[in-house]
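1. only geometry, no sequence info:
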């Protein structure tokens, strides 16, 4: 365990925006290393919340290229941009979507840009316990926009809605499945819909289809007065990125003026506290869960509920 | 809360294979209604583990139609089949992929088939807490095959590997993204790969691509002696279903003879106990997490780690 002086020094460097320190602090927090809770506390208390933009949508919709374009756009406005890319990586290889990552690496010499992949590592119970810690490190380091990009669809997309303030839902023209997914309810997650790869055929139809789907679902929208726009972009040519950047700011202004930003922030914090505790407790229980406990479960001599209660109570000495 | 006599009667009817009782018991357990823990205990202790087959793969790969074919195949062998379809439904609408569900509804008059959708409901921390309870109800009711079908990709797919004994990974010809996903590590999850919609063009190439990708990843395989086969099926015409059914039995025999079945079962039980406790604890913490706690977090007067510890210790009386 590093001593408190080391941690103080690391925290100070993070606050100065030193990128290697940011990388190290994120590893500390994400891997839950000894001392990481003290570091997390210190960084959290000295900083404030930053606008977090989530990118959801199916693989192949060009989210990483779009992320690269948004980085350039915000850098052009003088803003510091942090990116957390969440990968539904294999529990075995722990590998990340390297191809995708490479597309946003051309910002690597820029001290105003920080990019980090967070592998979900196949943990049962989801990806997010570590993402909040990484967000707080970026907040402390003075980043002004944080992009959270997910690779998966399904549960990962729902979870991004618990961590981001503004969610972009990205699709491409000609993929019918997204519309099906939207019908099933994913549309409530998106604050802004992006038809990316607008250089492809079918863009206008895709935009029209999405607008129709959204109009049908509008009455179910939790956001009352915010009507989610549908924009076309080409991450390849850069077309439409400025309009997207402006729509993101309009959404942020809406969150602020409607009081929704505070509500979303509280929801995020509620999820963070809850996930933090769930992780801590399930770890300590897993440590106490012995082979003989498992054998008793396999042989149906006890059941998961009873054993769970015993472990919680510190009993279950089998 | 229903009295113990009612629960006993429900448990008895479940064991007799009464489908309305099975449906009611699953609702009980999934919704965590009062008395559900007693019911879960009673059903678990009186039954034994059943072979669980998971279906993963991207939306549009025809998993639901394939599920329908597998049901028919196993019914033809005289086996009772239970299906749990896991939907990454919206936190708002709670809606399910009804279109998909309808395709497997033609078994609805058959007392040897039970089909149930489980909405993930956008809960942070994943889908699985409730799936294990539903599995145990089906086990108690004497189902001999349990199909677990997921709609999403990403985290949902990883989670199915924690609940199923044999995982089928289903793709269609001509979708390059799946191969990309496989490269990133999802291949370790699949025990059997299915190129579905083999009536479409590109089937042979898709099979060859998959075999090549699997050969590259073979050294990373956790299963040593099991070499995951790649099969082509047409859920539309029924072509290849029998060969798939036989491959599933070969995998089950491999699990039994190698001792892996027991290991997987223990992993499933470990996940079940852990998720059960995480759910219980995070609920009780959420109940204790007040608006003033959240306001203190927003104002950075405290931090999530400190507050979490206080809530765990029963303090944090703000």
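-> Alright, I've got the coordinates. These figures come from a predicted structure and were not determined experimentally.

2. CA atoms for contacts and neighbours, from now on please.
-> Noted.

3. can you pull out the strands in the stretch 201-318 of chain A?
-> Counting by DSSP state E, counting those that start in this stretch, one finds strands in the stretch 201-318 of chain A at the ranges A:230-232.

4. need the residues of it near chain B, please.
-> Neighbours of chain B within the stretch 201-318 of chain A, by CA under 8 Å from any CA of the partner chain: A:220, A:222, A:262, A:265-266, A:269-279, A:281-282, A:285-286, A:289, A:294-295, A:297-298, A:300-309, A:312.

5. of the residues you listed, buried ones?
-> Buried subset of those (neighbour count, 16 or more other CA atoms under 10 Å in any protein chain shown): A:262, A:265-266, A:269-279, A:281-282, A:285, A:289, A:294-295, A:297-298, A:300, A:302-309, A:312.

6. low-confidence stretches in the stretch 101-250 of chain A?
-> For the stretch 101-250 of chain A, applying pLDDT under 70 flags the ranges A:101-106, A:108, A:119-129, A:151-158, A:174-187, A:216-224.

7. now the helices: where do they sit in it?
-> Using DSSP state H, counting those that start in this stretch, the helices found in the stretch 101-250 of chain A span residues A:129-140, A:155-160, A:176-183, A:203-217, A:241-258.

8. and among these, the most buried is which?
-> Of all the helices of the stretch 101-250 of chain A, helix A:155-160 has the most neighbours on average by mean count of other CA atoms under 10 Å in any protein chain shown, namely a mean of 26.

9. in stretch A:27-39, which residues are buried?
-> A:27, A:28, A:29, A:30, A:35, A:36, A:37, A:38, A:39.

10. what's the closest non-adjacent residue to the third one?
-> Spatial nearest neighbour of residue A:29, excluding adjacent residues (CA to CA, 6 or more residues apart in numbering or on different chains): residue A:36 at 5.2 Å.

11. check the gap between that neighbour and residue A:117 for me.
-> 19 Å (CA to CA, to the nearest Å).

12. what does residue A:249 give?
-> Separation of residue A:249 from residue A:117 (CA to CA): 25 Å.

13. format the buried residues of stretch A:27-39 as TSV; extra columns: secondary structure, distance to residue A:235 and pLDDT.
-> Below are these laid out as TSV (DSSP: H, G, I helix; E, B strand; the rest coil; distance: CA to CA, whole Å; pLDDT from 0 to 100):
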residue	secondary structure	distance to residue A:235	pLDDT
A:27	helix	30	90
A:28	helix	33	90
A:29	helix	32	89
A:30	helix	30	85
A:35	coil	41	89
A:36	helix	37	89
A:37	helix	39	90
A:38	helix	40	92
A:39	helix	37	94
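
14. nearest to residue B:143 among these?
-> Residue B:143 has its nearest neighbour among the buried residues of stretch A:27-39 in residue A:30, at 41.7 Å by CA to CA.

15. would you mind measuring from the closest one to residue A:86?
-> Where residue A:86 is concerned, residue A:30 sits at a distance of 12 Å (CA to CA).

16. okay, now the domains of chain A?
-> For chain A, automatic domain parsing gives the domain ranges A:47-258, A:259-318.

17. could you dump the ones you listed to a markdown table with distance to residue B:64?
-> Converted to a markdown table, the domains of chain A look like this (distance: least, CA to CA, whole Å):
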| stretch | distance to residue B:64 |
| --- | --- |
| domain A:47-258 | 14 |
| domain A:259-318 | 30 |
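
18. and of these, who's closest to residue B:171?
-> With CA to CA as the criterion, residue B:171 lies closest to domain A:47-258 of these, at 14.0 Å.

19. what's the end-to-end length of that closest one?
-> End-to-end distance for domain A:47-258: 23 Å, by CA to CA.

20. so who does the nearest residue to residue A:17 once chain neighbours are set aside touch?
-> In this structure, residue A:17 finds its nearest non-sequential neighbour in residue A:141, 4.6 Å apart by CA to CA, 6+ apart. By CA atoms under 8 Å, 6 or more residues apart in numbering or on different chains, the contact set of residue A:141 is A:14, A:15, A:16, A:17, A:18, A:22.

21. farthest-apart pair in the residues you listed, please.
-> Largest pairwise distance in the contacts of residue A:141, by CA to CA, is 9.5 Å, between A:16 and A:22.

22. what's the single longest helix in chain A?
-> Looking across chain A with DSSP state H, the single longest helix is helix A:260-288.

23. and that one, what's its mean pLDDT?
-> Averaged over helix A:260-288, pLDDT sits at 84.

24. got the angle between that helix and helix A:129-140?
-> Angle between the axes of helix A:260-288 and helix A:129-140 is 130 degrees (criterion: axes from the mean of the first three to the mean of the last three CA atoms, to 10 degrees).

25. helix A:260-288 - contacts with which helices or strands?
-> Packing partners of helix A:260-288 (3 or more CA pairs under 8 Å, 6 or more residues apart in numbering or on different chains; DSSP states H and E): helix A:129-140, helix A:241-258, helix A:304-312, helix B:260-288, helix B:291-298, helix B:304-312.

26. neighbour count winner among residue A:16 and residue A:22?
-> residue A:22 (23 against 14; other CA atoms under 10 Å in any protein chain shown).

27. contact partners for the more buried one?
-> A:13, A:14, A:137, A:138, A:141.

28. residues making contact with stretch A:68-78?
-> By CA under 8 Å, 6+ apart, the surrounding residues in contact with stretch A:68-78 are A:80, A:81, A:103, A:104, A:112, A:113, A:235, A:238, A:241, A:242, A:245.

29. let's have those residues in CSV, adding distance to residue A:159.
-> Below are these laid out as CSV (distance: CA to CA, whole Å):
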residue, distance to residue A:159
A:80, 25
A:81, 21
A:103, 24
A:104, 23
A:112, 27
A:113, 24
A:235, 25
A:238, 28
A:241, 25
A:242, 27
A:245, 23
